[in-house]
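>>> Structure for this input, please:
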Amino acid sequence: MDTPKKEHRPPVDVKGAAAYTGYGEGYLNKLRCTGGGPVFIKRNGTVRYDLDDLDAWLSAGKVRSTSEVAA
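Okay, here's the model as predicted:
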């Protein structure tokens, strides 16, 4: 049985990542410097985010209750 091919989704810039995640561009920029944000691609001074990486980052932040959130 053949496995279905994954649809290619081109990387997005910071504005696209902000729209996709619901977080502000400034917040994503800050996380890029301080850590804790999604992994990114930087080539020739341009930052891009792979949508699969954004999905993984968003999923990693899921919790069932506020007691699961690290202080």
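>>> which residues touch the nearest residue to residue 50 once chain neighbours are set aside?
Nearest-residue entry for residue 50: residue 11, 5.2 Å, with adjacent residues in sequence omitted and distances by CB to CB, 6 or more residues apart in numbering. No exception for glycine: its C-beta is placed from N, CA and C like everyone else's. Residue 11 is in contact with 41, 48, 49, 50, 51, counting by CB atoms under 8 Å, 6 or more residues apart in numbering.
>>> Just the closest of those residues to residue 30, please.
residue 49 (14.7 Å; CB to CB).
>>> what's the nearest residue to that closest one if we skip its chain neighbours?
According to CB to CB, 6+ apart, the nearest residue to residue 49 is residue 17 (4.2 Å).
>>> go on, residue 48?
Residue 48's closest residue in space is residue 11 (CB to CB, 6+ apart), at 3.8 Å.
>>> Repeat that for residue 15.
Spatial nearest neighbour of residue 15, excluding adjacent residues (CB to CB, 6+ apart): residue 25 at 6.1 Å.
>>> how far away is that neighbour from residue 48?
Separation of residue 25 from residue 48 (CB to CB, to the nearest Å): 14 Å.
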